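Novice: Got a predicted model here, sequence first, then my questions.
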Amino acid sequence: MNNDFRWMPEQASSISSEVDAVYYFLVIVSAVLTVLIAGLIVYFAIKYRRGSPADRSTGTTHFYAIELTWIILPFLLTLVMFFWGAHVYLKQTRPPASAMQFQCVAKQWMWKIQHPQGNAEINELHVPLDQPIAIRMISEDVIHSFYVPAFRVKQDVLPGRYTTIWFQPTKVGSYHLFCAEYCGAKHAEMRGTVHVLEPSQYQEWLNQKLATSSTSAAPSLLSELRCTSCHLNGDRPGRAPSLAGLFGRRVVLNNGQTVIADETYIRESILRPAAKIVTGYTPLMPSFEGQVNEEQILQLIREIKQLPRDVTAPSKEDSMSDAEESNP
């Protein structure tokens with residue numbers, strides 16, 4: 001990290017220059033209009049001050065060219081600001097399909113980030129250069145905000161709701177990570193570092209971490225919490241829908257609605273299982289609220305994602321979906 005004074009943090013991600021361009025455009029337009037308006041105020045205040053020899057005999061007239069100019073020009077400028085800003089915003093909020101998927105749990109006062117391979121870091125994040133990185137985030141207590149100035153990205157991290165931030169680093173180096181939302185007495189200490197490595201260096205670092213990590217040998221949380229006793233697969237009918245291949249599927253509910261089994265749906269089903277009942281099943285599952293924390297919920301979601309789809313015995317929601325597709 002360079003300690004030289006900078007007007008702006010260095011640009012270290014693919015979106016940085018676009019964010020800065022919008023920002024500078026807004027600053028320049030605001031500065032020009034401010035100087036113009038303030039200058040005219042000072043000019044007329046001096047020209048028409050009390051006792052000045054200015055000619056005041058001319059009555060009020062309409063200058064349609066000037067009136068149209070100060071209506072149309074600001075309108076066009078605001079349209080440029082809106083569409084340009086909206087373009088950059090949409091680009092920031094839509095991670096590419098090729099992005100590496102990380103998970104993050106924020107809590108007072110630390111960031112715990114899980115790599116796709118299973119190893120975790122606290123207040124540090126190592127990523128490869130020129131690789132899109134998407135981070136799925138949730139808070140375990142209060143509102144936090146994930147902010148990396150050099151990448152020009154910032155996203156609130158909320159309790160009870162998943163949010164996503166993504167970036168593509170373009171420079172090797174170490175960059176500050178801050179919490180940009182006041183979250184308690186030690187808010188200022190909730191900071192970390194993002195390390196951008198060459199792909200070969202990142203792979204070497206990752207191999208070392210995986211070799212010394214115990215997470216790969218951790219017992220299955222699905223088994224530990226006895227989830228598989230009801231969510232059975234294959235030809236063994238269970239009291240609840242099969243979890244095999246569930247993630248990303250369309251699920252038909254007993255009220256006729258359909259939902260996609262994403263992170264939000266699975267989290268809600270763990271904590272409030274009676275909220276959305278799959279068609280053909282009864283609400284037997286107890287709530288795990290207060291029994292599992294956000295890290296464990298993310299681990300359960302990871303395990304469900306890794307379950308292969310069971311093609312030998314389709315679940316009831318799949319059967320309903322197929323029936324609906326064949327009988328629109």
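Specialist: Cool, got the structure.
Novice: Can you tell me the number of residues neighbouring the spatially closest residue to V153 that is not a sequence neighbour?
Specialist: Once flanking residues are discounted, V153 sits nearest to F167: 4.9 Å by C-beta to C-beta, 6 or more residues apart in numbering. For the C-beta atoms, the positions are set from N, CA and C on the backbone; glycine is no exception. Neighbour count for F167, taken as other C-beta atoms under 10 Å: 26.
Novice: hey, where'd the helices end up in this structure?
Specialist: 16-47, 64-93, 199-212, 221-224, 263-271, 294-306, 316-326 (DSSP state H).
Novice: In the stretch 201-328 of the chain, where is pLDDT below threshold?
Specialist: Within the stretch 201-328 of the chain, the ranges that satisfy pLDDT under 70 run 211-219, 233-238, 309-328.
Novice: let's go with 90 and repeat that
Specialist: 204-328 (pLDDT under 90).
Novice: for the stretch 51-200 of the chain, same thing?
Specialist: Where the stretch 51-200 of the chain drops to pLDDT under 90, the residues are 51-70, 74, 109, 114-121, 140-141, 160-161.
Novice: which residues in it form strands?
Specialist: Remark: strands assigned in the stretch 51-200 of the chain by DSSP state E, counting those that start in this stretch are 100-107, 110-114, 120-122, 124-128, 133-139, 144-148, 153-157, 163-167, 173-179, 191-197.
Novice: Tabulate those in JSON lines, adding columns for distance to G290.
Specialist: Output for those, formatted as JSON lines (distance: least, C-beta to C-beta, whole Å):
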{"stretch": "strand 100-107", "distance to G290": "16"}
{"stretch": "strand 110-114", "distance to G290": "20"}
{"stretch": "strand 120-122", "distance to G290": "23"}
{"stretch": "strand 124-128", "distance to G290": "30"}
{"stretch": "strand 133-139", "distance to G290": "16"}
{"stretch": "strand 144-148", "distance to G290": "21"}
{"stretch": "strand 153-157", "distance to G290": "21"}
{"stretch": "strand 163-167", "distance to G290": "23"}
{"stretch": "strand 173-179", "distance to G290": "26"}
{"stretch": "strand 191-197", "distance to G290": "29"}
